[in-house]
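Peer 1: Dropping the sequence and predicted coords here.
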Amino acid sequence: MEEFSYPSLTFVPRPLEDYLEAFFTALALNNSRLTDRSPGSALYTLGRAFAAVCAEQDLRLRGVADSVLLATARGEDLDALARDLGLRRRGATAAVGTVLAIADAVTQLAPDTLMVDTNSGVQLVSRNRSPVTVGFVVETRIPVEAVTPGAAGNLPAGTLLVVPSQPQIRVTVGSSRQQGGVVGDLRGGADRESDSDFRARLQMAFRSRRGGTWESIRAAILAHPGVEYVEPQVVSPGVVLVWIDSASQLSDSSLRSIRQTLEQLRPVGVETTPVQLRRRYISINVQVLPRLGVDLDQLRAETLEAIRRFLLNLGRGRGLEPERLRQVLLAQLPLRDLEVLTPQGFVECGPQEVLRSDDVRLTVP
């Protein structure tokens, strides 16, 4: 597989001395009478002030470039860029697991009891919901969690802990004792994702990302059961509503599935939201005069399909003009003439609606 690489940063700030030299060169090329370039002269002071402004702007431009490129962005700048991909930096997590406790005499261990590894300083708390009896013959398993999130809490099995509030209890990290020793490390502790690790995960997200074009998005959404029409609406730069027409009300699970499809296919930096269109049903009755020799059953099927395509092509918020329907059907069907009996006038359509027909009648004089 070809290795993915980020765009390289080609902007390199020019040092102040370069700008100062360019200033003097420009004066010389224009036959300027100002020739005293010695330090401390008025010309030198003016030129250095000009060069300092240019060099400072270069540094600021470099800072902007560093903040907007994934290859160089850090901290909050990297987090902001990642949100365009729907990704967030992983926060620190606390290690969890179990410990084995035994005491000099039968005693009670309360919930949230503090335990400490004196070597590393890692602190744990017990996560038993109610007091647990700790005996002096058989070890008792107790769930624990690291107080401070981070990889340091992943203590290996066999680590000895002390209970400051109950020094008579001896605690060992682990879930059981087997031949060869204690097993059951504390696991799941992780430090907050570093810039380099987060950047690597973003790189993988780019590699696995599919599509990005409207045609790929449209085709993927039309593949969802029941979806018959999809149309984008740009609300503002980077914000797009995806209007969806379906014969029935889309379920919550269907909408979640469509959102997941959009999340995979949307262009980076574009926010997409699926919205279901309302259907406005109308009755359509057309009277046709077929050409000679036309099979009427086949003509009816072709007419129904042509009307269905006509309504689909109208799209969101566009009304129906009977004369336009007549012209389209005459152009597509083997007819000598056609008259639209209903509707008799222009049919309005709201901005969040599409026109559909569940009552199409075809009559032959």
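Peer 2: Yes, it's here.
Peer 1: which residues of this structure fall in helices?
Peer 2: For the chain, the helices defined by DSSP state H cover 16-29, 42-68, 75-83, 195-208, 214-222, 252-265, 296-314, 322-332.
Peer 1: Out of those, flag the one nearest Gly135.
Peer 2: When the helices of the chain are compared by C-beta to C-beta, helix 195-208 sits nearest Gly135, at 44.4 Å. Heads up, the C-betas are built off the backbone N, CA and C, glycines and all.
Peer 1: Looking at the residue most central in space within the chain now. What's its pLDDT?
Peer 2: By C-alpha atoms, centre = their mean, the chain has its centre lying nearest to Gly86, at 2.1 Å. As predicted, Gly86 sits at a pLDDT of 72.
Peer 1: Wait, it touches Gln264, no?
Peer 2: No - with contact defined as C-beta atoms under 8 Å, Gly86 does not reach Gln264; the gap is 9.2 Å.
Peer 1: Kindly reformat the helices of the chain as TSV containing mean neighbour count and mean pLDDT.
Peer 2: What follows is these, written out as TSV (neighbours: other C-beta atoms under 10 Å; pLDDT from 0 to 100):
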stretch	mean neighbour count	mean pLDDT
helix 16-29	14	86
helix 42-68	14	83
helix 75-83	15	85
helix 195-208	14	82
helix 214-222	15	89
helix 252-265	15	91
helix 296-314	15	93
helix 322-332	15	95
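Peer 1: Now distance to Gln179 too, for those, in CSV please.
Peer 2: Listed next are these as CSV, based on distance: least, C-beta to C-beta, whole Å:
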stretch, distance to Gln179
helix 16-29, 73
helix 42-68, 57
helix 75-83, 48
helix 195-208, 38
helix 214-222, 55
helix 252-265, 48
helix 296-314, 72
helix 322-332, 82
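Peer 1: of all the ones you listed, which lies closest to Tyr229?
Peer 2: Using C-beta to C-beta, the helices of the chain put helix 296-314 closest to Tyr229, at 5.7 Å.
Peer 1: And the contacts of the closest one?
Peer 2: 228-229, 284, 286, 288, 290, 320, 325, 328-329, 332-334, 349, 354-357, 360, 362, 364 (C-beta atoms under 8 Å, 6 or more residues apart in numbering).
Peer 1: The closest residue to Arg201 other than its chain neighbours: neighbouring residues, count only.
Peer 2: Distances taken as C-beta to C-beta, 6 or more residues apart in numbering put Leu87 closest to Arg201, at 7.0 Å, once the chain neighbours are dropped. Neighbour count for Leu87, taken as other C-beta atoms under 10 Å: 15.
Peer 1: which residues touch Leu87?
Peer 2: The contact partners of Leu87, taken as C-beta under 8 Å, 6+ apart, are 201-202, 205.
Peer 1: Which positions in stretch 237-253 come out as buried?
Peer 2: 240-246, 250 (16 or more other C-beta atoms under 10 Å).
Peer 1: what's that stretch in contact with?
Peer 2: The contact list for stretch 237-253, computed with C-beta under 8 Å, 6+ apart, reads 217, 221, 226-235, 258, 262, 266, 269-277, 279, 316, 352, 354, 356.
Peer 1: If you go by neighbour count, which of those are buried?
Peer 2: Buried members of the contacts of stretch 237-253, counted by 16+ other C-beta under 10 Å: 217, 221, 227, 229-231, 258, 262, 266, 272, 274, 276-277, 279, 316, 354, 356.
Peer 1: Which ones among those map onto strands?
Peer 2: Per DSSP state E, strands hold the following members of those: 227, 229-231, 272, 274, 276, 279, 354, 356.
Peer 1: Can you lay out those as JSON lines showing pLDDT and distance to Ser41?
Peer 2: Output for those, formatted as JSON lines (pLDDT from 0 to 100; distance: C-beta to C-beta, whole Å):
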{"residue": "Val227", "pLDDT": "95", "distance to Ser41": "76"}
{"residue": "Tyr229", "pLDDT": "95", "distance to Ser41": "75"}
{"residue": "Val230", "pLDDT": "95", "distance to Ser41": "70"}
{"residue": "Glu231", "pLDDT": "94", "distance to Ser41": "69"}
{"residue": "Thr272", "pLDDT": "90", "distance to Ser41": "61"}
{"residue": "Pro274", "pLDDT": "95", "distance to Ser41": "69"}
{"residue": "Gln276", "pLDDT": "96", "distance to Ser41": "75"}
{"residue": "Arg279", "pLDDT": "95", "distance to Ser41": "81"}
{"residue": "Val354", "pLDDT": "96", "distance to Ser41": "76"}
{"residue": "Arg356", "pLDDT": "95", "distance to Ser41": "82"}
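Peer 1: So which of the residues you listed is the closest to Ala80?
Peer 2: Proximity of those to Ala80 (C-beta to C-beta) peaks at Thr272, which lies at 18.5 Å.
Peer 1: OK, contacts around that closest one?
Peer 2: Per C-beta under 8 Å, 6+ apart, neighbours of Thr272: 217, 240-242, 262-263, 266.
Peer 1: any idea how far it lies from Phe206?
Peer 2: As defined by C-beta to C-beta, to the nearest Å, Thr272 lies at a distance of 18 Å from Phe206.
Peer 1: what do you get for Leu29?
Peer 2: 47 Å.
Peer 1: No more questions from me, cheers.
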